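Q: Below is the sequence, then the predicted model.
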Protein chains: 2
Amino acid sequence: MASKIHYHTRQSREVAQYLQDRPGQHVTAAELCACFAAQGQPMSKATVYRRLDRLVEAGLVTRYTVDGVTGACYAWNGPADAPCEESCTHCKCEKCGALIHLHCEEVAHLRRHLLDCHGFALDPRRTVFYGLCQACRAAEGA
Amino acid sequence: MASKIHYHTRQSREVAQYLQDRPGQHVTAAELCACFAAQGQPMSKATVYRRLDRLVEAGLVTRYTVDGVTGACYAWNGPADAPCEESCTHCKCEKCGALIHLHCEEVAHLRRHLLDCHGFALDPRRTVFYGLCQACRAAEGA
DNA sequence: TGTAAAATGAAACACAGTTTCAAATTGAGG
DNA sequence: CCTCAATTTGAAACTGTGTTTCATTTTACA
């Protein structure tokens, strides 16, 4: 599907390593730049974006957007050692901004239904459910 | 929940009208600016964003992002005359970019499950399912 | 070691969205 | 109809993400 990745340079290794060390976390390009700079090894913005694009192309990393988070988020998938199961999705509270990891068989069920009845192959990793979390619902009173 | 909206000016009426006339469609701020300009009544970018923010605050309009679409999308909800039922969600094909309107009881079912078992109140209008559409799946062969 | 291909960094750039502030428009009261 | 305070508008400056360009450096490999 996608070309193999060669880690020719220090920079390319560091970007991949950073994401691998934070499975399931929401990493932004700005965060990567800031972290490398703080470590005394600043990396050009252009290089960070280039490396991320390459990793996404190769299918090793998922790129997705979360409303309220400035810029795209990236998360390591890995080839076989995926940190979340296939059905791992995220819920985002529109009020407090909390990001909840969701491991739920119902999502897998919906996925099967969408595939069988609508022909649509849901990618649960890239999909974010928006709504209100329990705490914020309680606070709203309604 | 949100303050009532007063349509004092021509600009505020036009932005709301544009969205009301296109229920369920994905309207961007840039599109609004371009359209008003084409009609010979250009509206300042700042004003467009201000009016959209106001409408979102009032709950009359939903703001959401779709990967691959530059800028946020806005869609009219309306107070009671919502164009899509509560379970209206969108599917976005990550390959061809197609946006599919989904009216599916399974989504409502998932919504109930999330509410009952996870305490999370899903907002189907703001949520976009990412994956592969039927045509692209067929093209991939797999 | 030498050389072609690939990767890097700095800066310029494109674009979404926000902020600022002076000028225009609104509505309410006289 | 006129005046004035409050609101809204538009233009421009600005912030931040992400891309492009190009000269320089690094890599792979013979």
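A: Perfect, thanks for sending it. What you are looking at is a predicted structure, and each value in this text was computed from that prediction instead of being measured.

Q: distance of A:R13 from B:G119?
A: According to CB to CB, to the nearest Å, A:R13 stands 41 Å off from B:G119. Every C-beta, even on glycine, is put in place using the N, C-alpha and C of the backbone.

Q: since we're on the nearest residue to A:R126 once chain neighbours are set aside, how many residues are nearby?
A: In this structure, A:R126 finds its nearest non-sequential neighbour in B:Y130, 4.2 Å apart by CB to CB, 6 or more residues apart in numbering or on different chains. B:Y130: 24 surrounding residues under other CB atoms under 10 Å in any protein chain shown.

Q: Okay, and the beta partners of B:Y130?
A: Here B:Y130 sits in beta bridges with B:K92, as judged by DSSP bridges.

Q: From the contact counts, what lies against the one helix or strand A:H109 maps to?
A: If you go by DSSP states H and E, A:H109 is part of helix A:105-113. Identification of packing neighbours for helix A:105-113 by 3 or more CB pairs under 8 Å, 6 or more residues apart in numbering or on different chains; DSSP states H and E yields strand A:121-122, helix B:105-118.

Q: List the buried residues in that helix.
A: Buried residues in helix A:105-113, counted by 16 or more other CB atoms under 10 Å in any protein chain shown: A:106-108, A:110-111, A:113.

Q: Please work out which residues outside it touch it.
A: Residues outside helix A:105-113 that contact it (CB atoms under 8 Å, 6 or more residues apart in numbering or on different chains): A:86-87, A:89, A:121-122, A:124, B:104, B:106-107, B:109-110, B:113-114, B:117.

Q: Can you pick out the most distant pair from these?
A: A:A121 and B:C117 (24.9 Å; CB to CB).

Q: Got the confidence number for the nearest residue to A:L102 once chain neighbours are set aside?
A: In this structure, A:L102 finds its nearest non-sequential neighbour in A:T89, 4.9 Å apart by CB to CB, 6+ apart. We note a pLDDT of 85 for A:T89 in this prediction.

Q: Would you mind naming what in chain A lies close to DNA strand D?
A: In this structure, chain A approaches DNA strand D at residues A:6, A:8-10, A:28-30, A:45-46, A:49-50, A:53, A:70-72, judged by CB under 7 Å from any atom of the strand.

Q: let's see 6 Å
A: Within chain A, the positions near DNA strand D by CB under 6 Å from any atom of the strand are A:8-9, A:28-30, A:45-46, A:49, A:70-72.

Q: Report the separation between the residue nearest the centre of chain A and A:Y64.
A: With distances taken as CA atoms, centre = their mean, the residue of chain A nearest its centroid is A:A75 (3.5 Å). The gap separating A:A75 from A:Y64 is 8 Å, by CB to CB.

Q: One more: A:G119?
A: Per CB to CB, A:G119 is found 22 Å from A:Y64.

Q: neighbour-wise, which of these two wins?
A: A:Y64 (20 against 16).

Q: so the more buried one makes contact with B:T65?
A: No: applying CB atoms under 8 Å as the test, A:Y64 and B:T65 come out as separate, 9.9 Å apart.

Q: Scan chain A for its longest helix.
A: Looking across chain A with DSSP state H, the single longest helix is helix A:45-57.

Q: what about it and DNA strand C, any contact?
A: Yes: if you take CB under 6 Å from any atom of the strand as the test, helix A:45-57 does meet DNA strand C, through A:46-47, A:50-51.

Q: between those, which is closest to A:A139?
A: Taking CB to CB as the measure, A:A139 lies nearest A:R51 of the residues of helix A:45-57 next to DNA strand C, at 41.1 Å.
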